[in-house]
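In: This is a predicted model, with the sequence first.
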Amino acid sequence: MSLRPATLALAVLVALPGLAGADEVRVPAGPGALETAVAGADPGDVLILLPGRHDGPVTIDVPLTLDGGGEAVIDGGAEGSVITVAAPDVTVRGLEITGSGSSHEGIDSGVKLTQAATGARVTDNRIVGNLYGVDIHGAKDSVVEGNTIVGRRDHRMNDRGNGIYVWNAPGARVEGNEVRFGRDGIFTNSSRDNEFKNNIFRDLRFAVHYMYTNHSEVSGNVSIGNHLGFALMFSNGITVRDNLSLRDRDHGVMLNYANDADVVGNLVRGGAEKCTFIYNAHRNLIANNRFEGCDIGVHFTAGSEKNALTGNAFVGNRTQVKYVGTRDVEWSLEGRGNYWSDHAAFDLDGDGIADSPFRPNDLMDHVLWSQPAAGLLNGSPAVQLIRWSQASFPATLPGGVVDSHPLIRPVEIAVPPRIAALEAEARPAWDEKGQ
């Protein structure tokens with residue numbers, strides 16, 4: 001026997017009694033109105049906050065939707081977290097959320113998602129002037145999407161809070177947010193199976209600060225004018241794809257004790273000290289990235305082994321590679337190497353692969369790294385003679401990086417017009433020339 005649609009709908013409501021009486025409740029701006037509305041709400045209710053200022057802090061302990069329609073403000077009055085979610089399936093959307101407390105110990109935030117907040121959704125809000133923006137504190141399968149998060153600037157950068165803090169929240173997704181000021185854009189610790197996608201980070205310490213977060217994805221994000229772009233540490237099996245690091249100061253992408261990662265299709269450009277820093281990181285695929293205009297293109301150190309590099313472009317870096325070793329390390333994979341802007345290459349057979357191998361470093365590089373004062377002799381005839389001799393007689397070269405199949409053309413990675421405009425306008429505080 002089949003049920004008619006109306007009968008089926010009634011059966012669903014009976015099976016889910018918490019939703020059967022769900023209502024839309026309009027909440028006026030005024031002292032105590034929001035707290036009273038939340039206390040009296042039934043599961044599934046939609047609380048529509050009318051334009052104006054609503055008093056916080058407030059704790060949501062039943063599944064409901066808090067909707068500000070883009071015109072309501074919740075102000076926490078500098079006490080604790082403005083909104084604390086302590087129930088599953090809660091949605092917080094369309095609000096301006098401001099005025100958290102200042103306790104790092106309590107992680108005072110615009111929105112705090114506790115371990116009970118499974119499946120929470122925090123979407124399309126302006127979260128401004130809080131110590132932390134959103135704290136995903138154990139909330140599995142939660143979503144933080146489409147928010148504008150502007151941190152505080154009343155402390156030194158290291159004493160500020162993070163835009164989005166993720167702790168032990170498997171399945172959480174952070175996507176399409178814009179984060180500015182504060183300390184780190186996203187700080188994730190002791191989590192797994194997360195997605196951090198298509199976010200924009202500006203004027204921060206780290207865009208993404210990533211610790212002990214395994215089998216997760218960092219893709220399509222943009223870091224502009226931060227101290228460091230993507231710091232990926234103590235994590236296994238991560239995907240780092242199609243991110244942009246533009247005018248970051250120290251490093252664009254850093255792998256520190258990060259293993260079995262795919263680092264693919266990323267662009268780092270604009271004067272970082274190191275486009276990429278690889279420290280004690282093993283078995284990573286580093287492919288089709290473009291490293292441009294840095295002091296050092298890639299710095300490998302601390303025994304990083306079994307990494308595969310192919311299809312990358314090293315363009316206009318002062319030092320393309322810094323790798324100190326006594327044996328040769330091959331930087332090509334299955335007959336495909338990398339592009340080097342300082343390789344005077346020929347391709348007589350037109351297959352896109354240069355006819356001669358390339359070594360980005362020579363003996364003088366090793367001397368200069370270990371004895372920086374020797375840089376005073378860099379342009380001397382003696383140094384030029386040594387470099388000419390090594391180029392003419394490769395047997396005299398020390399161990400180091402060898403690309404046996406260098407590419408003739410670099411990978412091109414487009415920057416969307418809006419992002420290019422933000423890059424051109426960036427005046428990070430650390431850049432004296434930009435002040």
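Out: That came in fine, so what should we check first? Everything numeric here is computed off the predicted structure, so don't read it as measured data.

In: if I read this right, residue 183 contacts residue 205, doesn't it?
Out: Yes. At 5.3 Å, residue 183 counts as touching residue 205 under the criterion of Cβ atoms under 8 Å. The way it works is simple: take the backbone N, C-alpha and C, and place the C-beta from them, glycine included.

In: Between those two, which contacts overlap?
Out: Here residue 183 and residue 205 have 157, 158 as joint contacts, going by Cβ atoms under 8 Å, 6 or more residues apart in numbering.

In: Any regions of the protein where pLDDT drops low?
Out: 1-21, 302, 325-326, 361-399, 432-435 (pLDDT under 70).

In: Spatially central residue in it, please.
Out: When Cα atoms, centre = their mean is applied to the chain, the residue found nearest the centroid is residue 208 (3.4 Å).

In: Can you check my assumption that residue 423 lies in a helix?
Out: Yes. Under DSSP: H, G, I helix; E, B strand; the rest coil, residue 423 falls within a helix.

In: can you count the residues close to it?
Out: Per other Cβ atoms under 10 Å, the neighbour tally for residue 423 reads 18.

In: Run through the residues that contact it.
Out: By Cβ under 8 Å, 6+ apart, the residues touching residue 423 are 224, 246, 247, 270, 415.

In: The fourth one contacts residue 229, correct?
Out: Read that as residue 270. No. Residue 270 is beyond contact range of residue 229, at 10.4 Å (criterion: Cβ under 8 Å).

In: if I look at those two, which residues touch both of them?
Out: Joint contacts of residue 270 and residue 229 (Cβ under 8 Å, 6+ apart) are 245, 248.

In: Have a look at these two and say which one is more surrounded.
Out: More crowded of residue 270 and residue 229, by other Cβ under 10 Å: residue 229, with 33 against 19.

In: Any buried residues in the host helix or strand of the residue nearest to the centre of the chain, and which?
Out: For residue 208, the element it lies in under DSSP states H and E is strand 206-214. Taking 16 or more other Cβ atoms under 10 Å as the neighbour-count basis, strand 206-214 is seen to contain the buried residues 206, 207, 208, 209, 210, 211, 213, 214.

In: need the contact list for the third one.
Out: The neighbourhood of residue 208, defined by Cβ under 8 Å, 6+ apart, consists of 184-186, 188, 196, 201, 218, 221, 223, 229-232.

In: again with the fifth one
Out: Residues counted as contacts of residue 210 (Cβ under 8 Å, 6+ apart) are 186, 188, 218, 230, 231, 232, 233, 235, 238.

In: Let's see that with 7 Å instead.
Out: 188, 218, 231, 232, 233, 235 (Cβ atoms under 7 Å, 6 or more residues apart in numbering).

In: got the contact list for the last one?
Out: For residue 235, the set of contacting residues under the criterion of Cβ under 7 Å, 6+ apart consists of 210, 212, 213, 214, 258.

In: Among the residues you listed, which one lies nearest to residue 40?
Out: Closest approach to residue 40 among the contacts of residue 235 (Cβ to Cβ): residue 213, at 39.0 Å.
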